[in-house]
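Colleague: Return a 3D structure for these sequence lines:
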Amino acid sequence: MEDVIYIFGHKKPDTDSICAAIAYADLKRKLGYNAVACRLGEINEETRFILDYFDVPVPKYLNNVKTQVSDLEIDLVDNLSYDISIKIAWSKMQETRIKSYPVVDENEKLIGIVSLSNITGKYMDAHDFNSLAACNTKIDNILETIGGVIVGGKREYYNAPGKIVIAANSPDGYGDYIESGDIVITGNRVDSQKEALRLGANTLILTCGSMPCEEIQRIAEEKKAVVIKTLYDTFTTARLINQSIPVGSIMTGDKGDAIVKFHIDDYVDDVRERMLKHRHSSYPVVDSEGHVVGLISRYHLISQKKKRVILLDHNEKSQTVNGIEEAEILEIIDHHKLGDLTTARPILFMNEPVGSTSTIIANLFVKNGKRPSSKIAGILCAAIVSDTLKFQSSTSTVRDYQTAQKLASIAGIDIDEFATEMFKAGTAVGVKTPEEIFNQDFKRYTLHGYEIGVGQVTVYEHEKILKIKSDLIDYMNKKAENDDYALLVMMITDLNNKTTELQLSGRIAESVAEELGIDTDAKNVIYSSIMSRKKDVIPLIASAIEKMEL
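Modeller: Residues are numbered from 1 along each chain as shown. Below you'll find the predicted structure:
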């Protein structure tokens, strides 16, 4: 499998852009690609009805395609448990030449970072090292570090003791420095061992392979102390035991130290900016659950990969995903006029004069020798019917009609019956606000230097839209003024009567209305043949502006 390919339609997605993306991602996967369908906004009621009808999940939301940490080749490393010894951590660093490791808790969640400098700094602080209790050192760490074996008392008698003491002088002087709970390192002198236990030592470590006599074993049991044997000499044992403390006690993150970490979804621009403020050699990367997925360093930012994308049903920068300039565009498949997107290298660009992008996608299944499933055929057919207004739009072609008929046969639906249900569901006003209704199918254009916005409201039962028409006009007037549109156009397309009413607003609305022969006071007119925004309304408005400027 190759890296993921994101396939999506335009912002404020309609049925065609959503269904085409789902279907094309399905075809790409059949051809062996790791393709994912996405959406750039909320789906409308019509699209939701279609997806629910054919039991197809809503595509995931894609906010932008800027390069993220997940796009980088980060280092995969083992995590260290917070309670392992620094000896093990040191050994791993020497073996792998990695200078820092993430430290995790019992749930595998990041709690700190242990580095070579953490270990060396702690090891040089002999005074700080003198209390294993403060570090919560486990007896297993001590046994592993010095190669020890319990030869007296019981494991459970160990209670994270106090400081480390070497019994070097005569026993009568031990009272000056051995205290209850200490670890005492000694040799084979029974009097030294006995005195240390009498003073309350919790753990005796006998060096050079010495074994305790029966008396010492008995006293250790009475005192609930542990006796450990090691083959190392006293000097080596004293040096090694310091390495038994857990990494959790020396890691960055202990005692409230801040951990500089990154999330797998963080954007590289943000990562680069934060790295400039710190001088660490590497940084942990975590997922949404706080689990470590790897380490990242500055050099990773040099070798970043761009997200790979395919654009459907649009080819203009204003209509596409944020951050498109940082992505690698692989293909563009559309049925609109040419826009302003550019690419760094030649790509597959398909732009055909048909009524729906889904028509093109359906025929790509045929071209590649693949048959869409009944679900995919169903959503493609629905998208064609939607975008062509059941073949009534001026953009509709014979190819759209023939393709929809074939898809309907595969999906097992009757186009007329399904279209009625679909349009009723999609044009239901319900509890939507005027803002939601106006913007659900809204596109921006620049015509002869003017900023133009056209929103299309499709209705199946015209009387329902009449109840909120005045509110829609009020909203449109405010939007034109607040967003500084030269012209806003609201298309109210009646599918039953096959008419479209144009309502105009904005600072050039009166001039455009006059050129169109519209009542300049009402700024609206009803057309019996206009159904398409791109093929009917935009050319009409463009022509009016041209005449207006003569």
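Colleague: Give the next helix or strand downstream of the helix or strand bottoming out on mean pLDDT in the chain.
Modeller: Every helix and strand of the chain was ranked by mean pLDDT, DSSP states H and E. The lowest is helix 126-129, at a mean of 49. Elements were assigned by DSSP states H and E; along the chain past helix 126-129, the next helix or strand is helix 139-146.
Colleague: now what about that next one, what contacts it?
Modeller: For helix 139-146, the surrounding residues in contact (C-beta atoms under 8 Å, 6 or more residues apart in numbering) are 83-85, 87-88, 132, 148-150, 155, 158, 183, 203, 205, 226, 228, 230, 232, 237, 240-241, 243-246. All C-beta atoms are positioned from the backbone trio N, CA, C, and that covers glycine.
Colleague: and if you look at stretch 404-411?
Modeller: 54, 359, 362, 371-372, 374-375, 377-378, 380-381, 384-385, 391, 414-415, 418.
Colleague: 6 Å instead, please
Modeller: Taking C-beta atoms under 6 Å, 6 or more residues apart in numbering as the criterion, the residues outside stretch 404-411 that touch it are Ala362, Ser374, Ala377, Gly378, Leu380, Cys381, Ile384, Ile415.
Colleague: Max pairwise distance over these: which two?
Modeller: With C-beta to C-beta as the measure, no two of these lie farther apart than Ser374 and Ile384, at 15.8 Å.
Colleague: Same drill for those two, tell me which one is more crowded.
Modeller: Neighbours were counted for Ser374 and for Ile384 using other C-beta atoms under 10 Å; Ile384 has more, 33 against 14.
Colleague: I'd assumed Ser356 was in contact with that one.
Modeller: Yes: the criterion here is C-beta atoms under 6 Å, and Ile384 meets it with Ser356 at 4.4 Å.
Colleague: anything in contact with each of those two?
Modeller: Taking C-beta under 6 Å, 6+ apart as the contact rule, the neighbours common to Ile384 and Ser356 are Asp400.
Colleague: would Cys38 count as being in a strand?
Modeller: Yes: according to DSSP: H, G, I helix; E, B strand; the rest coil, Cys38 belongs to a strand.
Colleague: count of neighbours near it?
Modeller: Around Cys38 sit 22 other residues, with neighbours defined as other C-beta under 10 Å.
Colleague: Write down the beta-bridge partners of it, one by one.
Modeller: On the basis of DSSP bridges, Cys38 is bridged to Phe8, Lys60.
Colleague: Touching, it and Val4? I think so.
Modeller: No: Cys38 sits out of contact with Val4 when judged by C-beta under 6 Å, with a separation of 10.2 Å.
Colleague: Which residue ranges of the stretch 451-550 of the chain form strands?
Modeller: Listed in chain order, the strands of the stretch 451-550 of the chain (DSSP state E, counting those that start in this stretch) span residues 487-494, 499-505, 524-527.
Colleague: Next: the stretch 251-400 of the chain.
Modeller: Applying DSSP E, counting those that start in this stretch to the stretch 251-400 of the chain gives strands spanning 252-255, 262-263, 283-286, 292-296, 308-312, 328-334, 348-351.
Colleague: pLDDT of the fifth one, averaged?
Modeller: So the one you mean is strand 308-312. Strand 308-312 shows an average pLDDT of 96 in the prediction.
Colleague: what about that strand, distance to the chain center?
Modeller: Offset of strand 308-312 from its chain centre (C-alpha atoms, centre = their mean, to the nearest Å): 18 Å.
Colleague: how about the CA coordinates for that strand, as CSV?
Modeller: Output of strand 308-312 as CSV, limited to C-alpha atoms (Å, rounded to 0.1, in the frame of the first residue of the first chain):
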residue,chain,number,x,y,z
ARG,A,308,-1.2,13.6,-1.6
VAL,A,309,-4.6,14.8,-2.8
ILE,A,310,-7.2,14.5,-5.6
LEU,A,311,-9.6,17.3,-6.2
LEU,A,312,-13.1,16.6,-7.5
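Colleague: and the angle from that strand to strand 328-334?
Modeller: Counting by axes from the mean of the first three to the mean of the last three C-alpha atoms, to 10 degrees, strand 308-312 points 10 degrees away from the direction of strand 328-334.
Colleague: Closest to the centroid, which residue in the chain?
Modeller: The central residue of the chain, meaning the one whose C-alpha is nearest the mean C-alpha position (C-alpha atoms, centre = their mean), is Asp265 at 4.4 Å.
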